[in-house]
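Student: only the shape, not the letters, is given here:
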């Protein structure tokens, strides 16, 4: 964790240092200005170098802040994603449990309906007209009438 926070913090510190150094060169309040002025004779070039160093410092500060915030943002997004995925998984489990319960209830209803609807058995009975015993057919073998 310390290494993850150290790099953006270091960028911020270096960026502020560069910004300050560039500002001091522009304002001609730094011994570095004397060093640059010995290299080039033009004050405009030295001030341009100061502006470039100041701009570099600003860029490092912005990059460091973005890096710090993006790291926090990424960890927050990952935590929220985990919460959403846990809720989604819980909802899926509840739906699956409800589905299984519904299937079990349907199996019970189907079993009850099958038990209530017993098939018609062709049990031996007697003819309504002549009283002869009927075996398998609905037609009487004696009188030939349908029962």
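Tutor: Yep, it's here. Note that the structure is a prediction, hence the values are computed from the model and not measured. Residues are numbered from 1 along each chain as shown.

Student: helix or strand with the lowest mean pLDDT in this structure?
Tutor: The helix or strand of the chain with the lowest confidence, counting by mean pLDDT, DSSP states H and E, is helix 31-39 at a mean of 74.

Student: from the contact counts, what lies against that helix?
Tutor: Applying 3 or more C-beta pairs under 8 Å, 6 or more residues apart in numbering; DSSP states H and E, we find helix 31-39 packed against helix 2-26, helix 43-116. Where C-beta positions appear, they are placed from N, C-alpha and C, glycine not excepted.

Student: domain ranges for this structure?
Tutor: According to automatic domain parsing, the chain comprises the domains 2-116, 119-147.

Student: most tightly packed of the ones you listed?
Tutor: Mean neighbour count, computed with mean count of other C-beta atoms under 10 Å, is highest for domain 2-116 among the domains of the chain, reaching a mean of 13.

Student: gap between it and the chain center?
Tutor: Using C-alpha atoms, centre = their mean, to the nearest Å, the mean C-alpha position of domain 2-116 is found 19 Å from that of the whole chain.

Student: quick one: contacts for the closest residue to residue 56 other than its chain neighbours?
Tutor: When the adjacent residues along the chain are set aside, residue 56 lies closest to residue 18, with 5.2 Å between them (C-beta to C-beta, 6 or more residues apart in numbering). Under the criterion of C-beta atoms under 8 Å, 6 or more residues apart in numbering, the neighbours of residue 18 are 53-54, 56-57, 60.

Student: per-residue confidence at residue 18?
Tutor: At residue 18, the predicted lDDT confidence score is 87.

Student: any idea how far residue 93 lies from residue 84?
Tutor: If you measure residue 93 against residue 84 using C-beta to C-beta, to the nearest Å, the figure is 15 Å.

Student: circling back: please tabulate the contacts of residue 18 in CSV and include distance to residue 136 and pLDDT as additional columns.
Tutor: Written out in CSV, the entries for the contacts of residue 18 read as follows (distance: C-beta to C-beta, whole Å; pLDDT from 0 to 100):
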residue, distance to residue 136, pLDDT
53, 111, 86
54, 110, 89
56, 106, 91
57, 107, 91
60, 102, 89
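
Student: of those residues, closest to residue 8?
Tutor: Taking C-beta to C-beta as the measure, residue 8 sits nearest to residue 60 out of the contacts of residue 18, at 10.3 Å.
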